[in-house]
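# Sequence below, structure please.
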Amino acid sequence: MATEVIARRPAHARAGAAPGSRRKDRGRVLRLYVPLVLYLVFTLIPFYWMIVFALRPTGSTAPVPWPITFEHFDTVWNDIGYAVFFKNSVIVGVLSLFFTTVVALMGGYALARFRFRGRTFFMIALLCTQFIPGAMMLIPLFTIFRGLGLINSLWSLVVADTVFNLPLSIILMSGFITAVPFQVEEAALVDGCTRTRAFFAVVLPQLRPGLIAVGSFAFIHTWNNFLFALMFISRQDNFTIPVGLSYTIGEYSADFGALAAGGVVAAIPVVCVFAVIQRYLVSGISAGAVKG
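Residues are numbered from 1 along each chain as shown. Coordinates of the predicted model:
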């Protein structure tokens, strides 16, 4: 019936609506895409120049990297020891991701499923820790790690990064678990499952987007952390990527080609991680926004 009514409208009425509709669509496109394009250009220009500096020969000032050379990558990887820095960053990032995700899963489950005295205060305390700069904790952490014999050890970075990743990760994981209906878990308990078995069989499979979101945030924060690695590590064979790259800048000069090549290599894992997990990341953040 609606189709017949539209078809019976006068031709001049249908024709008159088309130009206005086109102008409306054109205005919407301008308002939506022009800011996005400008923001994209503003964001990509630094990456473009980083690639230009990494690929063009030393001494060249051309805005386009031609002829292309990989001498800066060879310098960074072999002469500066970037391969060791890369391996150390991977070790610290993966271990921090693992411990952050496991502890956040347990803490988030407790906050989401149990009601206990001090729960609200604990969550407020977790939120308040996000306002404490990491620089304020350097001296206490250094004293603790020196007493434990962890200075110049990668474990000092794993512990420090995990501790600083946990507050936000626990809050997010609590939201993810709250989004999973308790009735599903309750049905498993009625069928004879223990709480632990019900969690692993019913709840955990539904938390994949949340686990990926929390793990990716923990990994990227650890991967980019410069302050802890600079203060707790002084041996070059334990440097991570941010500290290793800083040594390409001297007192009176800087090897911009090597610095850019190192930046390109450092960005590749992060870009690959986001390319793989971006569809899980969006759904995970949305689930974590549910109020507990």
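# show me the contacts for the closest residue to Asp237 other than its chain neighbours.
Distances taken as C-beta to C-beta, 6 or more residues apart in numbering place Val84 nearest to Asp237, at 6.0 Å, with adjacent residues excluded. Quick note: C-beta positions are derived from backbone N, CA and C, even for glycine. Going by C-beta atoms under 8 Å, 6 or more residues apart in numbering, Val84 touches 236-237, 239, 244.
# Only the buried subset of these, as a ChimeraX command please.
Restricted to buried positions by 16 or more other C-beta atoms under 10 Å, the ChimeraX selection for the contacts of Val84 reads:
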select :239,244
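# Select from the contacts of Val84 every entry located in helices.
Gly244 (DSSP state H).
# Mind pulling up the pLDDT for the residue nearest to Asp237?
pLDDT for Val84: 87.
# Name the next helix or strand downstream of the helix or strand hosting it, please.
For Val84, the enclosing helix or strand under DSSP states H and E is helix 82-113. Sequence-wise, the next helix or strand downstream of helix 82-113 (DSSP H and E) is helix 119-128.
# CA-only coordinates of that following helix in CSV, if you can.
C-alpha atoms of helix 119-128 as CSV (Å, rounded to 0.1, in the frame of the first residue of the first chain):
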residue,chain,number,x,y,z
ARG,A,119,33.7,-2.9,47.3
THR,A,120,32.7,0.7,46.3
PHE,A,121,35.7,2.2,48.1
PHE,A,122,38.0,-0.3,46.4
MET,A,123,36.7,0.7,42.9
ILE,A,124,37.1,4.4,43.8
ALA,A,125,40.7,3.7,44.9
LEU,A,126,41.4,1.9,41.6
LEU,A,127,40.1,5.0,39.7
CYS,A,128,42.1,7.4,41.9
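# Also compute the angle for it relative to helix 82-113, please.
160 degrees (axes from the mean of the first three to the mean of the last three C-alpha atoms, to 10 degrees).
# list the helices and strands the following helix or strand past helix 119-128 packs on?
As assigned by DSSP H and E, the chain's next helix or strand after helix 119-128 is helix 138-148. In this structure, helix 138-148 makes packing contacts with helix 154-178, helix 227-232, judged by 3 or more C-beta pairs under 8 Å, 6 or more residues apart in numbering; DSSP states H and E.
# roughly how far out does helix 138-148 sit from the chain middle?
Averaging C-alpha positions (C-alpha atoms, centre = their mean, to the nearest Å) puts helix 138-148 27 Å from its chain's average.
# again with stretch 38-47
Using C-alpha atoms, centre = their mean, the offset of stretch 38-47 from its chain centre is 19 Å.
# Counting neighbours, what do you get for Gln278?
11 (other C-beta atoms under 10 Å).
# In which helix or strand does it reside?
Short version, using DSSP H and E: Gln278 is in helix 256-288.
# mean confidence score for that helix?
72.
# mind checking how far the residue nearest to Asp237 is from Pro269?
16 Å (C-beta to C-beta, to the nearest Å).
# ok, back up a step: among the helices and strands packed on helix 138-148, which is the most enclosed?
helix 154-178 (a mean of 23; mean count of other C-beta atoms under 10 Å).
# Tell me where the model's unsure across the protein.
Within the chain, the ranges that satisfy pLDDT under 70 run 1-25, 60-61, 250-253, 279-292.
# show me the contacts for the spatially most central residue of the chain.
Note on the chain: the residue nearest the mean C-alpha position is Phe217, at 3.5 Å, using C-alpha atoms, centre = their mean. Neighbour list for Phe217: 165, 168-169, 172 [criterion: C-beta under 8 Å, 6+ apart].
# Looking at these, which is nearest Pro67?
Proximity of the contacts of Phe217 to Pro67 (C-beta to C-beta) peaks at Asn165, which lies at 43.4 Å.
# quick one: the closest one and Thr222 touch, right?
Yes: using C-beta atoms under 8 Å, Asn165 makes contact with Thr222 at a distance of 7.1 Å.
# Mind listing the shared neighbours of the two?
Contacts common to Asn165 and Thr222, judged by C-beta under 8 Å, 6+ apart, are Ser96.
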